[in-house]
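S.K.: Model the following, please.
(one chain, ligands or ions: 1)
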Amino acid sequence: MLIDAHIHLDQYKENDIPTLLEEAEHVIAVSMNLPSCVKTLKLSKAYAKVKAAFGFHPEQSLLSAAEEEALFEWIRQHAHDMVAIGEVGLPYYLRQEKAIDDSMYVALLERFIVLAKEFNKPIVLHAVYEDAAIVCDLLEKHHITKAHFHWFKGDDEVVERMIHNGYFISVTPDCTYEADIQKLIKKYPIELMMVETDGPWPFEGPFDNKQTSPWMMDHSIEVIASIKGLTTQEAARIITRNTTIFYNL
Ligand SMILES: [Zn+2]
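M.R.: The predicted structure follows:
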């Protein structure tokens, strides 16, 4: 069984969660905002396989100053219950839809980076394409080494920089049908790779009309193994070990 390195478990129906968890060794359950943090914490207390990460997803409107303080205060109070800060990052897709003040998002992300450093926890990042270089700048500025770029997509230059810095990426089941992701798998060292579902986000191809669930990662492992010239067992062992060490499970 594999570890799902990034899932929005709080967005599933409560009844579906026990069965879903049977398919994974552990899941890293990330949070969207304060209510999501509270729910994720509850799930991590109810199920030993669930490891919580607390943060604020960047693809949404920013909080008021008071709401932001309340979120940071809550995370500080529950820091001993989290394995990481996340999901945090920059609003790449929101920016395609409307004009936004990027500097406010960058400032918020920097606060989370400082918080992760203060508590010595890994950080789970939503930072794709051009945003990845901005996030690398911030991580380097604060000497962060434990960074996980989930569902990463970006150009060769930033890929080289991330490998050099020892940052991790995770791939979703879309690696079974996306040529760009297969190219990324070829380039990125397997020692810096994890697998995830980002569930309940839906996938296409062989996963069309299926509820996203950890079994889908078996197919991702097959793709990784074939690209890297390994057996699926070898690839699964390396990926699981990476995730266990990275999240200190
Ligand atoms: Zn996510």
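
S.K.: measure the residue nearest the centre of the chain to the ion for me?
M.R.: With distances taken as CA atoms, centre = their mean, H150 lies nearest the centre of the chain, 3.9 Å away. Look at H150 and the ion: by CB to the ion, to the nearest Å, they are 6 Å apart. Where you see a C-beta, it was placed from the backbone N, CA and C, and this is true even at glycine.

S.K.: again with L9
M.R.: L9 is 11 Å from the ion, by CB to the ion.

S.K.: And for that residue, the neighbour number?
M.R.: 26 (other CB atoms under 10 Å).

S.K.: Return the residues in contact with it.
M.R.: Shown in contact with L9 (CB atoms under 8 Å, 6 or more residues apart in numbering): 17, 20, 27, 29, 40, 43, 50, 199.

S.K.: now F168
M.R.: So F168 contacts 147-149, 192-194, 242, 246 (CB under 8 Å, 6+ apart).

S.K.: So which helix or strand of the protein has the lowest pLDDT on average?
M.R.: Lowest on mean pLDDT, DSSP states H and E among the helices and strands of the chain sits helix 92-97, with a mean of 95.

S.K.: so what does that helix touch, helix or strand wise?
M.R.: Here helix 92-97 touches no other helix or strand, going by 3 or more CB pairs under 8 Å, 6 or more residues apart in numbering; DSSP states H and E.

S.K.: tell me the SS of A84?
M.R.: strand (DSSP: H, G, I helix; E, B strand; the rest coil).

S.K.: That one contacts A53, correct?
M.R.: Yes. Using CB atoms under 8 Å, A84 is in contact with A53, at 4.1 Å.

S.K.: Now the common contact residues for the two.
M.R.: By CB under 8 Å, 6+ apart, the residues touching both A84 and A53 are 28, 124.

S.K.: Indicate whether the least confident helix or strand of the chain makes contact with the ion.
M.R.: No. Residues of helix 92-97 contacting the ion under CB under 5 Å from the ion: none, with a closest distance of 11.7 Å.

S.K.: Mind pulling up the pLDDT for the most far-flung residue of the chain relative to its centre?
M.R.: The C-alpha centroid of the chain is most remote from A66, which lies 26.5 Å away (CA atoms, centre = their mean). Per-residue pLDDT puts A66 at 98.
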